[in-house]
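Asks: please work out how this folds:
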Amino acid sequence: MRKTGFLIATSAGFAAAAVPGAQAADMPIKAPRYIEQPASWAGWYIGAHAGGIWQNTQIEHVEPYGFTDSFSKSGFIGGGQLGYNWQHGNFVFGLEGDISGVSNKASFGNDSTPYAGKFSSSIRWLSTVRARFGLAVGDTMAYTTAGVAFGGVKNTASFGSFSGPYSGSSDKTKVGWTVGGGVEHMLNRNWTIGLEGLFVDLGKSTVNTFGKTTRFSNQAVIGRAKLNYKF
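Replies: This is a model prediction of the structure:
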């Protein structure tokens, strides 16, 4: 009987060893380790911005006498943006378009006395289409940007006379250029925040006022905070 039991136990051991995975099935299996993918800036995004605008206007009196003046005014700017990024390693390339409402009107002088002049300039709305080039380090990207700018600009020149002031104005959509830069930080996979500065030049406007010609330059410096949702 002892020999029979020994033979049966030995045969069972060989049979278990011969079955693939018979012993491995009893061993605990470790879950695969999750490796977080590096942050990516690639893809579409949409967002909003708000900040300040400092408008600097230079005026040149061309006729019938020549001299120059300048004046400036700060105000509020706010709006939205839409863009797309491509990423290659740490380099990010993108296109962004935005549109903003502007609360700002710069003025200078007075027209309450004869031969005195009063001048005003306002950018009422502003839109830009820009290329962006950035360097991303982890969740933060620094970038430069440049492109074309469009804006609704109104310039007014008014001169005093013995019979009361007379004025002329130019109210047009102007096309110019913009350049700037910024820093953007990724809060998580979908949300980013950033700070951006732009210089905008919308060219010059000419106002004719009863024989007097005044030329306005239309420039502004913008600083704004941005919040984007990345798809």
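Asks: so where's the chain shaky on pLDDT?
Replies: 1-38, 63-66 (pLDDT under 70).
Asks: what about V221, distance to F71?
Replies: 15 Å (C-beta to C-beta, to the nearest Å). Where C-beta positions appear, they are placed from N, C-alpha and C, glycine not excepted.
Asks: same question for K154.
Replies: To F71, K154 is 15 Å away according to C-beta to C-beta.
Asks: L202 touches G176, doesn't it?
Replies: Yes: between L202 and G176 there is a contact at 4.0 Å, judged by C-beta atoms under 8 Å.
Asks: which neighbours do these two share?
Replies: Here L202 and G176 have 149, 151, 218 as joint contacts, going by C-beta atoms under 8 Å, 6 or more residues apart in numbering.
Asks: can you give me the helices for this structure?
Replies: For the chain, the helices defined by DSSP state H cover 2-18.
Asks: enumerate every residue touching the spatially closest residue to D69 that is not a sequence neighbour.
Replies: In space, and not counting its chain neighbours, D69 is closest to I59: 5.1 Å by C-beta to C-beta, 6 or more residues apart in numbering. By C-beta under 8 Å, 6+ apart, I59 lies in contact with 68-71, 108, 119, 157, 214-217.
Asks: what bridges to I59?
Replies: I59 has these beta-bridge partners by DSSP bridges: D69, F216.
Asks: for the closest residue to N190 other than its chain neighbours, give its distance to M141.
Replies: Of all residues not flanking N190 in the chain, K230 sits nearest, at 5.4 Å (C-beta to C-beta, 6+ apart). With distances taken as C-beta to C-beta, K230 is found 12 Å from M141.
Asks: returning to what we had before: for the residue nearest to N190, give its distance to A39.
Replies: K230 sits 10 Å away from A39, going by C-beta to C-beta.
Asks: how about Q58?
Replies: Per C-beta to C-beta, Q58 is found 44 Å from A39.
Asks: which of L202 and G176 has more neighbours?
Replies: For L202 versus G176, the count of surrounding residues by other C-beta atoms under 10 Å is larger for L202: 24 against 18.
Asks: what's around the residue nearest to G75 when sequence neighbours are not counted, how many residues?
Replies: Take G75 and drop its neighbours on the chain: the residue closest to it by C-beta to C-beta, 6+ apart is N104, 2.8 Å away. Using other C-beta under 10 Å, N104 has 19 neighbouring residues.
Asks: next, count neighbours for T213.
Replies: 16.
Asks: does it touch T206 like I think?
Replies: Yes: the criterion here is C-beta under 8 Å, and T213 meets it with T206 at 6.5 Å.
Asks: contacts only, for W86.
Replies: Residues near W86 by C-beta under 8 Å, 6+ apart: 42, 92-94.
Asks: against N228, how distant is M141?
Replies: 12 Å.
Asks: between those two, which one's more packed in?
Replies: M141 (25 against 22).
Asks: and the nearest residue to that one once chain neighbours are set aside, bridged to which residues?
Replies: Of all residues not flanking M141 in the chain, G134 sits nearest, at 4.5 Å (C-beta to C-beta, 6+ apart). For G134, the beta-bridge partners under DSSP bridges are V92, Y143.
Asks: give the burial count for G134, as a bare number.
Replies: Using other C-beta under 10 Å, G134 has 22 neighbouring residues.
Asks: before we move on, back to that, hang on, the residue nearest to G75 packs against I123?
Replies: Yes: using C-beta under 8 Å, N104 makes contact with I123 at a distance of 6.4 Å.
Asks: overlap in contacts of the two?
Replies: Residues touching both N104 and I123 (C-beta under 8 Å, 6+ apart): 53, 55.
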